[in-house]
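Engineer: Got a sequence here, can you model it:
(2 chains)
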Amino acid sequence: EAGVTQSPTHLIKTRGQQATLRCSPISGHTSVYWYQQALGLGLQFLLWYDEGEERNRGNFPPRFSGRQFPNYSSELNVNALELEDSALYLCASSFGLAGADTQYFGPGTRLTVL
Amino acid sequence: AQSVTQPDIHITVSEGASLELRCNYSYGATPYLFWYVQSPGQGLQLLLKYFSGDTLVQGIKGFEAEFKRSQSSFNLRKPSVHWSDAAEYFCAVEAGGSQGNLIFGKGTKLSVKP
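Structural biologist: I've put the predicted structure just below:
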């Protein structure tokens, strides 16, 4: 069974541009989560989507946004890129039963902002 | 607020030696706890999880962890470390309620001496 997939593997942008990252969950999973892993800041929660709706959001500015499609895949958009947005962005998926569920992670997208 | 503390930033052990990675959590109710492992530049792989029941949980790759409510701890152990275990290990607690997200510790980097 295929795991969580993310594309692209690497993304290089310049400051002020927009970045779009994509995630496909494990088959049968309805929830998708996005996390940012920046150097020195650890793993921080960004967004949670379930059944096409945004369910929760971490402490990030509005220029971090996303959506979930009817096939449960998801897209993370980062507008007006700043140098500090350089990080590994990890997507995870689960069956969407918050409180007794397990998140499985993809390999990540490395975003570099120049 | 929920939090996870991994007191050891970096640990070095000899191959074949035993290993214990510490994790302490702060959570008001019964926590859902996880250990993940991350190889350099990769995503997170689930090692094991605790939801309820037996406080000693077995995971993949010969790892186990023990939930101790009185000490608010969920330490990860392995009786004999292999060189391939060198990686970064993250302890996490599910945020609870309807929040859905995981709260991660800062991670412990494990180095293995031959």
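Engineer: Find the residue closest to the residue minimising distance to the centre of chain A in space, skipping its chain neighbours.
Structural biologist: What sits nearest the mean C-alpha location of chain A, by C-alpha atoms, centre = their mean, is A:W34, with 3.0 Å. Spatial nearest neighbour of A:W34, excluding adjacent residues (C-beta to C-beta, 6 or more residues apart in numbering or on different chains): A:L46 at 4.1 Å. Quick note: C-beta positions are derived from backbone N, CA and C, even for glycine.
Engineer: Tell me which helix or strand that neighbour sits in.
Structural biologist: Using DSSP states H and E, A:L46 maps to strand A:42-50.
Engineer: Sheet partners, orientation included, of that strand?
Structural biologist: Here strand A:42-50 has these sheet partners by DSSP bridges: strand A:31-38 (antiparallel), strand A:53-57 (antiparallel).
Engineer: which SS class is B:P40?
Structural biologist: The three-state label given to B:P40 by DSSP: H, G, I helix; E, B strand; the rest coil is coil.
Engineer: quick one, what contacts it?
Structural biologist: B:P40 makes contact with B:87-88 under the criterion C-beta atoms under 8 Å, 6 or more residues apart in numbering or on different chains.
Engineer: The same query, at a cut-off of 10 Å, please.
Structural biologist: Residues counted as contacts of B:P40 (C-beta atoms under 10 Å, 6 or more residues apart in numbering or on different chains) are B:86-88, B:109.
Engineer: State the phi and psi torsions of B:G62.
Structural biologist: Here is the backbone geometry of B:G62 (degrees, to the nearest 10): phi 80, psi 10.
Engineer: Give me the neighbour count for it.
Structural biologist: Per other C-beta atoms under 10 Å in any protein chain shown, the neighbour tally for B:G62 reads 14.
Engineer: Can you name the residues that contact the closest residue to it other than its chain neighbours?
Structural biologist: Spatially, and ignoring its direct neighbours in sequence, B:G62 is nearest to B:K78 (5.6 Å; C-beta to C-beta, 6+ apart). By C-beta under 10 Å, 6+ apart, the contact list for B:K78 reads B:13, B:17-21, B:47, B:59, B:61-65, B:85, B:110.
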